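In: mind looking at a prediction? Sequence and model below.
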Amino acid sequence: MPETLPTPARMASAHLTPAQLAAAFRYATDWLGVFREQVNALNVYPVPDGDTGTNMHLTMQSVRRELDTAPETSMAAVAKAIAYGALLGARGNSGVILSQLLKGFSDSIRELGSVNAAQLTSALQAAQKAGYGAVMKPVEGTILSVARGLADGAKGDTPELVLENALIAGQQALDYTPEQLPVLKQAGVVDSGGQGYLYVIQGLLASLRGDALPPAPEMIAYAQQGFENEEFGYCTEFLMEKATMPIEGIRELVAPFGDSLLVVGAEGYVKGHIHTNNPDALLATVARHGRMLKTKVEDMSEQHTEILAQAGSTARAEEELPQSGLVAVASGYGLVKLFRSLGARIVSGGQTANPSVQDIVDAARSVSATQVIILPNNKNVLMAAQKAAELLEGRGVVVPTRTLGQGIGAALAFSAGTPAPELAVSMQEAAGAVTTFEVTRASRTTTVTSRDGKQIDIQDGDVIGLMDDDLIHAGGSSEDAVLEMLTQHYAGQEIITVFTGASVTAAAQSGLSERLKAEFPMAEVETHAGGPDLYDYLVTME
């Protein structure tokens, strides 16, 4: 992610060029980032999970990444970057709705050469229509109500004046949300998603005006503290391409699994979000109708506990800090849950979605500890982790884990009471004792030379197997690949742990488990759902 943008020069103009609009959205990302924790602290609807600000900011960061590679002489390219980036990066209920608001906005301006006041008004109106259209059962008192307020108030003879008037009406709509949703009134807060969307529009206006970023507000209370004993299920998301079923059909397919349902699409992709008590069955059902690119399952009770811990951090500020904290880069809800259970703060990412330096820095700064151990868990993330450690000015210590299996081994050796430099040594030793096997699909036809000099011919779509990130197998079924690799490299290890991907059926998982137990009777075999994105299996031996 680029460094935080400098204060923009004032853009007083009757028209916004593609470059000016792109710059405004980049600046709006930083503006929302300033208030991210404040938005997190507001969230109580539909459940008090405390991550609305984070999800909306991650969505905007994805928009910025797309804008950074888009030609700024073309409004069509800028509009596509906004819509495409928002959909790919959408996180959580709030992020998915934000992505649809931005899609409506982008579709409205796509064919323009520049954007004048009337066209900006139309774009904000198109945004709110797209937002309402994406939700099966729209609820007032949410981000949708604020989007409508912004659209209704958008008027003026310059883009700057349109945004000023829109924000006045949007703020009035936000202030009224507690009257529309009793849970907001009970907690004494306004809607968090609506507040986040207002900050995005404020950021656009600040860019046009040339306003400097404000200081982050000090957090002293979290609305989630009033909901300490609730149970919330799992926030489940998926991103799929090559869908064989229309979006409406996928929406109907997943609707029985839970609530807070959103299924949307753009540029050939389908994005889904739902709160459910049965994420494994839901993802397996959806995976039959396309190619699953990303999945995320978060235990909302655990999220709630984490935000409550943050809420108490001010009160604990004078207590002695632990010697060490832990940050791990991971994807796949089973793996994320495991790392969290071992004390790690998670940075979402991995092979197909490398986190930025800033993502890692932000996670490390959120950990209350004297120093923080960072586990990159992927060779492509290692340099970002090392740069993050430099920016943390002595607080960050990288244990250079190159696979998720090594990361698990290192995390098992973590001890908060041990100084980080000493701890890093023992964690590195533990990481080295783990062998990692991964099974996925080839993305192209090629020939690879294995570590032992063997030529491996690979066809696009073939099953391929890797050991400690080196390709050693191609062809056959995913289950056969696991068994063959482990048989060749088993050396008396005591524990075999299998994590399965979203496309693996329960029958296949059970069958592989039985084959492994028969082949390795002296080893303990464990199987878990929720492996990394795009992988059928991740297996560790230790």
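Out: Ah, there it is. Numbering: from 1, shown residues only.

In: so where's the chain shaky on pLDDT?
Out: Residues of the chain meeting the criterion pLDDT under 70: 1-12, 43-50, 219-232, 266-267, 280, 300-320, 351-352, 366.

In: for it, what's the longest helix?
Out: In the chain, ranked by residue count with DSSP state H as the criterion, the top helix is helix 159-180.

In: for that helix, buried residues please.
Out: By neighbour count on 16 or more other CB atoms under 10 Å, the buried set for helix 159-180 is 159-167, 169-171, 173-174, 176-178. Just so you know, the C-beta spots here come from the backbone N, C-alpha and C atoms, and that holds for glycine as well.

In: packing partners for it?
Out: Other elements packing on helix 159-180 under the criterion 3 or more CB pairs under 8 Å, 6 or more residues apart in numbering; DSSP states H and E are helix 117-134, helix 143-153, helix 182-187, helix 192-209.

In: so which elements touch the third one?
Out: In terms of contacts (3+ CB pairs under 8 Å, 6+ apart), helix 182-187 is packed against helix 159-180.

In: swap in the first one?
Out: The criterion is 3+ CB pairs under 8 Å, 6+ apart, and the helices and strands that helix 117-134 contacts are helix 92-109, helix 143-153, helix 159-180.

In: if we can go back for a sec, okay if I get the helices and strands packed on helix 159-180 as TSV plus mean neighbour count?
Out: Formatted as TSV, the helices and strands packed on helix 159-180 follow (neighbours: other CB atoms under 10 Å):
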stretch	mean neighbour count
helix 117-134	21
helix 143-153	25
helix 182-187	16
helix 192-209	25
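
In: closest one to Q323 among these?
Out: helix 192-209 (34.3 Å; CB to CB).

In: got the angle between the closest one and helix 117-134?
Out: Our comparison of helix 192-209 with helix 117-134, counting by axes from the mean of the first three to the mean of the last three CA atoms, to 10 degrees, yields an angle of 160 degrees.

In: just give me how far helix 192-209 sits from the chain centre.
Out: 21 Å (CA atoms, centre = their mean, to the nearest Å).

In: if we can go back for a sec, can you list the helices and strands packed on helix 117-134 in CSV and add distance to G475?
Out: Supplementary listing: those in CSV, determined by distance: least, CB to CB, whole Å:
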stretch, distance to G475
helix 92-109, 38
helix 143-153, 48
helix 159-180, 56
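
In: so which of those gets nearest L262?
Out: Nearest of the helices and strands packed on helix 117-134 to L262, taken as CB to CB: helix 92-109 at 4.6 Å.

In: can you name every helix or strand that that closest one contacts?
Out: Here helix 92-109 is seen to pack against helix 52-67, helix 75-89, helix 117-134, helix 143-153, helix 192-209, strand 234-241, strand 258-266, strand 269-276 when contacts are counted using 3+ CB pairs under 8 Å, 6+ apart.

In: redo these as JSON lines? Include distance to Q358.
Out: Below are these laid out as JSON lines (distance: least, CB to CB, whole Å):
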{"stretch": "helix 52-67", "distance to Q358": "8"}
{"stretch": "helix 75-89", "distance to Q358": "14"}
{"stretch": "helix 117-134", "distance to Q358": "27"}
{"stretch": "helix 143-153", "distance to Q358": "25"}
{"stretch": "helix 192-209", "distance to Q358": "17"}
{"stretch": "strand 234-241", "distance to Q358": "22"}
{"stretch": "strand 258-266", "distance to Q358": "26"}
{"stretch": "strand 269-276", "distance to Q358": "24"}
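
In: strands of the stretch 251-400 of the chain, start to end?
Out: Listed in chain order, the strands found in the stretch 251-400 of the chain under DSSP state E, counting those that start in this stretch are 258-266, 269-276, 291-299, 324-330, 344-348, 371-375, 396-398.

In: quick check: which of those strands is nearest to D362?
Out: When the strands of the stretch 251-400 of the chain are ranked by proximity to D362, the top entry is strand 344-348, at 8.3 Å, counting by CB to CB.

In: buried residues, the closest one. List them.
Out: The neighbour-count check on strand 344-348 (16+ other CB under 10 Å) flags A344, R345, I346, V347, S348 as buried.

In: quick check: closest non-adjacent residue to A389.
Out: For A389, the nearest residue in space outside its immediate sequence neighbours is G396; the separation is 3.5 Å by CB to CB, 6 or more residues apart in numbering.

In: pull the contacting residues for the one you found.
Out: By CB atoms under 8 Å, 6 or more residues apart in numbering, the contact set of G396 is A364, Q371, V372, I374, A388, A389, E390.

In: could you measure it against E479, distance?
Out: As defined by CB to CB, to the nearest Å, G396 lies at a distance of 40 Å from E479.

In: and if you look at K137?
Out: Counting by CB to CB, the gap from K137 to E479 is 41 Å.

In: that older thread, looking at the helices and strands packed on helix 117-134, which is nearest to I247?
Out: With CB to CB as the yardstick, what comes closest out of the helices and strands packed on helix 117-134 is helix 92-109 (11.9 Å).

In: relative to the whole chain's centre, how far out is the closest one?
Out: Average the C-alpha atoms of helix 92-109, do the same for its chain, and the two points are 16 Å apart (CA atoms, centre = their mean).

In: K137 and E479: who's more crowded?
Out: Comparing K137 with E479 by neighbour count (other CB atoms under 10 Å), the higher total belongs to E479, at 20 against 7.
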